[in-house]
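K.L.:
need coordinates for the below:
(one chain, ligands or ions: 2)
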Amino acid sequence: MQGKMRALVKTERAPGLTLQEVDIPSVGPNDALVKVAATSICGTDYHIYSWDEWSQGRINPPLIAGHEFAGEVVEIGDNVDIVKTGDMVSAETHIVCHTCPQCRIGELHTCINTSIIGVDVDGCFAEYVSIPAYNLWVNDPDLDPAVASAQEPLGNAVHTALAGPVAAQRIAVTGAGPIGLMSIPVLKKTGAQLVIVTEVNEFRLNLARELGADIAINPAEEDPVAAAMEATDGLGVDGVLEMSGNPQAINQGLKMLRPGGRMSVLGVPSGREVTVDMANDIVFAGVKMEGIAGRKMWETWYQTAGLLAAGLDIEPIITHRMPLEDFEKGMDLMASGDCGKVVLIP
Ligand code: NAD
Ligand code: ZN
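P.N.:
Ligands and ions are numbered 1, 2, ... in the order given. You can find the predicted model right below:
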């Protein structure tokens, strides 16, 4: 499609994003062009916007930011047969190589050549985005585009929650950012007996309560390990979903866990290295600790869509919707933490 579109571009190696008129991206033989109906802001986008140390090492301007989106397919490349124009789609944001050993053994979510839209290639904070058609997931056309966009982080929550048993289990979630918040209805829907949430931000703590957390604790005010022990007859929870990346929360999560429990770790510590009591909290406790990368392709997407079809409601987590032009307001909200998911409408 010829023409111009509005996009949020990282134009230089400095903080901020610039709203610009740019060419509508071209569509390769294996790509699809999607008219973006909704795009949501992720923590990664805030890192790129604020130009933190990670983004300075990873981002090569000029780059259109953004990776979470939903929209309508408006053009397809010659080789594309898995989507058609008119389909309402969301996207798996990890573009994988299909040829490395990880891809060949079916573990595409840990492809060693992964590139990410809005990080390594142009993203979706724009009116249109071009993406390999393989990465698209066709949605129920009645699904709210904001919810459809948030299916990508919801997939992180589903992948983490369903990495171990949930039904009849007592589970703690450390960190109620957007993904930790999403894990609450996922855990409830899949039959958890008890959901304990820790979070330092009061807005998010209240949202966690509204979403059905049985116990919601601010670790700055109350000892979450003692509370979890009290709620589990002194034994500890069966599982922990680590969704904060905070070293203190990681240690509290380990100490809340019963012997033999599972800890599924999605959170990314900004300092990379974290000290834990390996001997007592992992080895002798017989704990199963697993890192969670992205979403399984495509198992997690089927599970996520299935949960939505079964009535999973993440609408309350979408706390803000605004036009693309107001992205700075959205980024300020992300910085404050007084939000769930912030959605931009191009
Ligand atoms: P987020 O950073 O908004 O959420 C983290 C939350 O943890 C925040 O609400 C913060 O207030 C809270 N927190 C901070 N210190 C805490 C403490 N001591 N105790 C309890 N809570 C505390 O991010 P998000 O988008 O919800 O993502 C959650 C985590 O998952 C982040 O670390 C993110 O980088 C990571 N992530 C990982 C993957 C992956 O593939 N592994 C994908 C997406 C996001
Ligand atoms: Zn690969």
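
K.L.:
hmm, residue 286 and residue 260 touching each other?
P.N.:
Yes - at 4.7 Å, residue 260 and residue 286 qualify as touching, with contact defined as CB atoms under 8 Å. Backbone N, C-alpha and C define where each C-beta goes, glycine included.

K.L.:
what's opposite residue 171 in the beta bridge?
P.N.:
residue 195, residue 239 (DSSP bridges).

K.L.:
do you know how far it is from residue 237?
P.N.:
6 Å (CB to CB, to the nearest Å).

K.L.:
now the common contact residues for these two.
P.N.:
Overlap between the contact sets of residue 171 and residue 237, as judged by CB atoms under 8 Å, 6 or more residues apart in numbering, is given by 194, 196.

K.L.:
quick one: the helices in the stretch 1-150 of the chain?
P.N.:
43-50, 53-58, 101-104, 145-149 (DSSP state H, counting those that start in this stretch).

K.L.:
residue in the stretch 201-346 of the chain nearest to ligand 2?
P.N.:
residue 297 (10.6 Å; CB to the ion).

K.L.:
looking at it, that residue is touching residue 108, isn't it?
P.N.:
Yes - contact criterion CB under 8 Å: residue 297 and residue 108 qualify, at 4.2 Å.

K.L.:
shared neighbours of the two, which are they?
P.N.:
Shared contacts of residue 297 and residue 108, counting by CB under 8 Å, 6+ apart, come down to 94, 96.

K.L.:
where's the residue nearest in space to the middle of the chain, which helix or strand?
P.N.:
By CA atoms, centre = their mean, the chain has its centre lying nearest to residue 153, at 2.4 Å. Assigned by DSSP states H and E, residue 153 belongs to helix 151-161.

K.L.:
that helix packs against which elements?
P.N.:
strand 68-76, strand 88-91, helix 178-189, strand 237-242, helix 299-309 (3 or more CB pairs under 8 Å, 6 or more residues apart in numbering; DSSP states H and E).

K.L.:
by contact count, what packs against the third one?
P.N.:
For helix 178-189, the contact count by 3+ CB pairs under 8 Å, 6+ apart identifies helix 151-161, strand 170-174, strand 194-198, helix 202-210, strand 237-242 as packing neighbours.

K.L.:
at 6 Å instead, please
P.N.:
On a contact count with 3 or more CB pairs under 6 Å, 6 or more residues apart in numbering; DSSP states H and E, helix 178-189 meets helix 151-161, strand 170-174.

K.L.:
quick revisit: just name the most buried of the helices of the stretch 1-150 of the chain.
P.N.:
helix 145-149 (a mean of 25; mean count of other CB atoms under 10 Å).

K.L.:
of all of this protein, which residue lies closest to ligand 1?
P.N.:
Closest contact between the chain and ligand 1, by CB to the nearest ligand atom, is at residue 177 (2.0 Å).

K.L.:
grab the nearest non-local neighbour of that residue.
P.N.:
Nearest residue to residue 177 in three dimensions, chain neighbours excluded: residue 243, at 6.5 Å (CB to CB, 6 or more residues apart in numbering).

K.L.:
cool, and residue 331?
P.N.:
residue 49 (5.0 Å).

K.L.:
touching, the one you found and residue 332? I think so.
P.N.:
No - using CB atoms under 6 Å, residue 49 makes no contact with residue 332, being 10.1 Å away.

K.L.:
ligand 2 is nearest to which of the helices of the stretch 1-150 of the chain?
P.N.:
Nearest of these (CB to the ion): helix 101-104, 3.4 Å.

K.L.:
wondering if that closest one reaches ligand 2 at all.
P.N.:
Yes - Helix 101-104 lies within reach of ligand 2 by CB under 5 Å from the ion, at residue 103.

K.L.:
per the record, what domains does the chain have?
P.N.:
4-150+314-345, 157-291 (automatic domain parsing).

K.L.:
distance across the shortest one, terminal residue to terminal residue?
P.N.:
The reference is to domain 157-291. End-to-end distance for domain 157-291, by CA to CA, to the nearest Å: 13 Å.

K.L.:
same check on stretch 166-179?
P.N.:
17 Å.

K.L.:
can you give me how far it is from the chain middle?
P.N.:
15 Å (CA atoms, centre = their mean, to the nearest Å).

K.L.:
got the buried residues for that stretch?
P.N.:
For stretch 166-179, a neighbour-count test (16 or more other CB atoms under 10 Å) marks 166, 169, 170, 171, 172, 173, 174, 175, 176, 177, 178, 179 as buried.

K.L.:
closest one of those residues to ligand 2?
P.N.:
Nearest member of those to ligand 2, counting by CB to the ion, is residue 179, at 24.2 Å.
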